[in-house]
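K.L.:
return atomic coordinates for the entry below.
(2 chains, ligands or ions: 1)
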Amino acid sequence: MTTVVVGAGHAGLAASHFLTGRSIEHVVLERGEVANSWRRERWDSLRLLTPNWLSRLPGHHYSGPDPDGYMTSGEVAEFIEHFAGVTRAPVRTGTAVTAIRRAGTGYHVVTSGGELSCRSVVLATGACNVPVVPAFAAAVPAGVRQLTPFGYRGPEDLGEGGVLVVGASATGVQIAAELRRSGRPVILSVGEHVRMPRLHRDRDVLWWMDASGVWDQRYDEVDDLTRARRLPSPQLAGTPERATLDLNALTGLGVELVGRLAAVRDDVLLFSGGLRNVCSLADLKMRRLLAGFDEWAGLRPEAELPPTRVPPAARLRLDLGRGEIATIVWATGFRPDYSWLDVPVVDEKGRLRHEGGVVDSPGLYALGLPLLRRRRSTFLSGIEDDAREVIGHLAAAPAVRG
Amino acid sequence: MATIDNGVNVQALLEAREALKGAPEAAQFTWRASSKWQKGAHSTTSIEKFFGLGQEQTHKSESVFAADHPEIFAAEDNGITPIEYLLVGLASCLTAGVASVAQNRGIQLRSVESTVEGGHDIRGILGADSDVRNGFNDIKVTFKIDADASAEEIEALVAQSQKRSAVYDALTNPTSVTVEVA
Ligand SMILES: Cc1cc2nc3c(=O)[nH]c(=O)nc-3n(C[C@H](O)[C@H](O)[C@H](O)COP(=O)(O)OP(=O)(O)OC[C@H]3O[C@@H](n4cnc5c(N)ncnc54)[C@H](O)[C@@H]3O)c2cc1C
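P.N.:
Below you'll find the predicted structure:
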């Protein structure tokens, strides 16, 4: 085998498309089904936060009746599955890769269905394999149920009682809103976040990201790449009403805001007193972003969005012994899992060492990581250019072609 | 852009950041203070040595701080109250932050002044009401900044200085504290 692609999400399938285009013999190994993460790792009500017209894969785009709508997870899975069919991707489903080792000038790949050797490997296993949960979750008393976005399906699964959602990025704000609408008291713990209106001047805010070139900024042009790669997802939700889901909208729904969860001490949760500043920072950054769009479009600035309403005396502590909170949902981010990768290319923080997807080991490549080669890399529409360039590098590397 | 100078060596700070990224051991500092009771609420605390960059370090000179309670607490007022030292720490930390961020962003500062007010219900420390906490209920900092920058840029300076402030973090987040008798 020349090339092994690990993972049949949109990233692995895009890699396959360009490998096929260059007649490079390859196989795509997938532990579950095609688009597995959209089938198994998303809560029931999830819709993309990117509009349909931004669901673009190489030579394949949304052609339905509602370009401004947002796909459900099921629709994304179908969209990706259709792409896999059209491109005749050589996918081996139900095949988990359990180890990859350097062997000679290539790699030895161990899977649940046998072993194979290859010259090059494309890691397309996703950036969100494991929900990140802070260590102090272990100190939460047993009577409080704890869930991650992988375990959470919808409000029906939760018992009665209040819910604390920790984390106010896309996942946290969406889950907090849905739980509050189900009638439960909801407290949202807010750290640094990215505020965005759904629409700016009647267009989807992501239209502006796309059209103004913000999303085309390359990884080698970004000031602080490590920080940019860790940027939390924007407070956006895809709903038919195209409604904004920032903290003011959540406050309007009756969600109580508290600061970043800082510690758990004797069954008491302690929140940071810095809520006001994380909100000011998010307001400032949002205003700068929108002003940049207006400047790009040559438009006079519009009335600014109102600042985030921060409760005058947000709670600093919450006693879990008092029964107010029955469930904690940890919406504290995700991380990739490389525990099966026996090649020394992962840093002390668990991040892959790579330059625009060219991993620090000859013949090893990655796709589908945040800001891999440009800001849009994080999203479906970013894969086409990334995959073309990364596979271009793979094809040009002499040892790799064989 | 004209060269601006707020007296901050940003280059050195950026270099230190890069160097310490790969050397977390060297980044481990221990700040130390030694305190001595005088009489009543009066104590003096001196600070001279600290540990950092892998070795013992010494300030240019020793600083001594007197703390006491005011006369309305039936004390001699030989120095500021201990909780006021937190205001000193917060104001000076945020101000240093404003200067460095401004330097880094190419903003010339002309003057930076601030007032810090800590709201304190002393029934807590007196044990008069067990529902009242001992520490501050809230702290309000007000900056007055004159600089070659828009109002929005100044707001961003102040927000960023909070984001990178050691004392702001220490006051807004819980810290594990161990007190022992040697
Ligand atoms: C909650 C959530 C919401 C998101 N919303 C949007 C959005 O609105 N718009 C947008 O553009 N993007 C969104 N994203 C980001 C991104 O598009 C998705 O994460 C997308 O699934 C990434 O695609 P991928 O192909 O890189 O990885 P994945 O879709 O995760 O695919 C990786 C595949 O690799 C397989 N795999 C993993 N490990 C192994 C192994 N060891 N052996 C074999 N197979 C393996 C997995 O089963 C999976 O099928 C969202 C992400 C999350 C987590």
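
K.L.:
what about the residue of the stretch 301-402 of chain A found nearest chain B, distance to A:Arg276?
P.N.:
The stretch 301-402 of chain A approaches chain B most closely through A:Ala313 (7.6 Å), counting by CB to the nearest CB. Backbone N, C-alpha and C define where each C-beta goes, glycine included. Distance from A:Ala313 to A:Arg276, counting by CB to CB, to the nearest Å: 11 Å.

K.L.:
who's more crowded, those two?
P.N.:
Between A:Ala313 and A:Arg276, A:Arg276 has the larger neighbour count (other CB atoms under 10 Å in any protein chain shown), namely 17 against 8.

K.L.:
buried residues in the host helix or strand of that one, which are they?
P.N.:
Per DSSP states H and E, A:Arg276 falls inside helix A:275-297. Neighbour counts over helix A:275-297 (16 or more other CB atoms under 10 Å in any protein chain shown) mark A:275-287, A:289-290, A:293-294 as buried.

K.L.:
for the helix or strand following it, name the packing helices and strands.
P.N.:
Per DSSP H and E, the first helix or strand lying C-terminal to helix A:275-297 is strand A:317-319. Here strand A:317-319 touches strand A:268-271, going by 3 or more CB pairs under 8 Å, 6 or more residues apart in numbering or on different chains; DSSP states H and E.

K.L.:
who does the strand it packs on pair up with?
P.N.:
Partners of strand A:268-271 in the sheet, by DSSP bridges, are strand A:261-265 (antiparallel), strand A:317-319 (antiparallel).

K.L.:
let me have the ones you listed in TSV, extended by mean neighbour count, mean pLDDT and distance to A:Tyr219.
P.N.:
Formatted as TSV, the strands paired with strand A:268-271 follow (neighbours: other CB atoms under 10 Å in any protein chain shown; pLDDT from 0 to 100; distance: least, CB to CB, whole Å):
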stretch	mean neighbour count	mean pLDDT	distance to A:Tyr219
strand A:261-265	19	94	31
strand A:317-319	15	96	40
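
K.L.:
so which of those strands comes closest to the ligand?
P.N.:
The ligand lies closest to strand A:261-265 among those, at 20.1 Å (CB to the nearest ligand atom).

K.L.:
distance from the chain centre to the closest one, please.
P.N.:
25 Å (CA atoms, centre = their mean, to the nearest Å).

K.L.:
try stretch A:59-71
P.N.:
Per CA atoms, centre = their mean, the displacement of stretch A:59-71 from the mean C-alpha position of its chain is 20 Å.

K.L.:
got the domain boundaries for the chain?
P.N.:
Chain wasn't specified; assuming chain A. The record's domain split for chain A, according to automatic domain parsing, is A:3-129+A:336-401, A:132-330.

K.L.:
chain B, not that one
P.N.:
According to automatic domain parsing, the ranges for chain B are B:22-80, B:81-182.

K.L.:
pick the most deeply packed of these.
P.N.:
domain B:81-182 (a mean of 15; mean count of other CB atoms under 10 Å in any protein chain shown).

K.L.:
distance between the ends of it?
P.N.:
Domain B:81-182 stretches 25 Å from its first residue to its last (CA to CA, to the nearest Å).
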